[in-house]
Structure formats: structure tokens, C-alpha cells
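Enquirer: Give the three-dimensional model of this entry:
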Amino acid sequence: MQIPLQITIRDVEHSEALEMHIREKAKKLDEFFNHIMSCRVVVEVPHKHHHQGKQYNVRIDIGVAGGEIAVNRDHAEDVYVALRDAFDVAKRQLEDYARKLRGDVKKHEPKRAGASEEGAAGQ
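Expert: You can find the predicted model right below:
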């Protein structure tokens, strides 16, 4: 990562274990795809729905060449589950981005009008 990891924790009891867990998850993403330029992680408890217990929100913004990958996961009742789910989605999005960079994504040619009719008529 070219820019150091940024972690923001709002309305959640801050612990060294939580921060280390986030750092480990971000490090694994960086090892998986080493072209990450920046990564911001925000963990918070939204102030609505107090009667449902704590619901965590995790947002991950990953800066890559040519754009940004954003992940926003809501409503997990355990902060570690919310982090796991968010980082899993981020990894899948990085996999898709890496495939596009390599050119592994199939590009469908646009159908020409009448192309299927001509082929059927000539048979």
C-alpha cells in the first residue's frame, strides 16, 4: 500500500484487538493484490434502531489505479462478522478488478441487426 491504512472507529468501544484484526485483514488484501494504493476502513454503530441491539456498519474504500473500490456492509450484530463480510466482498471486488486488468473478462460483441436472419436464410 502506498498510503498507510486509515482506520476510523465511531461509537464502538475501541480496542487494540479490533484494530489489529482490521490491520491483519487489510494486510491480506494487500498481499492478495499488491496494486492497492490506499485503504480506509470505517467501523461504526448507526444511531437508528436502538431496540434491535447493536448493528455494525463497515465501510471499506480501496484506492486502485484508475478508480476506487467501495464496500459498505450493514446490520451485522457482531463487529467481527461485519468485518469478515466486508473484507470478503472487498476481496471478490479486487479479484474482479484484477481480471479486468489482465483482460480475462469476456467482452460480448454487439449483435448486428438482422445477423441471425441472414444466417438462417442462407441455410
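Enquirer: burial count for the residue lying closest to Asp11 once chain neighbours are set aside?
Expert: Leaving aside its sequence neighbours, Asp11 sits nearest to Val45 (C-beta to C-beta, 6 or more residues apart in numbering; 4.4 Å). (C-beta placed from N, C-alpha, C; glycine too.) Using other C-beta atoms under 10 Å, Val45 has 16 other residues around it.
Enquirer: Who are the contact partners of Val45?
Expert: Contacts of Val45 were listed using C-beta atoms under 8 Å, 6 or more residues apart in numbering, and they are Arg10, Asp11, Val12, Lys54, Gln55, Tyr56, Asn57.
Enquirer: need the contact list for the residue nearest in space to the middle of the chain.
Expert: For the chain, the residue nearest the mean C-alpha position is Ala90 (2.5 Å; C-alpha atoms, centre = their mean). Ala90 sits next to Leu29, Ile60, Ile62, Ile69, Val71 when contact means C-beta under 8 Å, 6+ apart.
Enquirer: Mind checking which of these land in strands?
Expert: Secondary structure from DSSP state E places Ile60, Ile62, Ile69, Val71 of those in strands.
Enquirer: List just the nearest of the residues you listed to Glu16.
Expert: The nearest member of those to Glu16, counting by C-beta to C-beta, is Ile60 at 20.2 Å.
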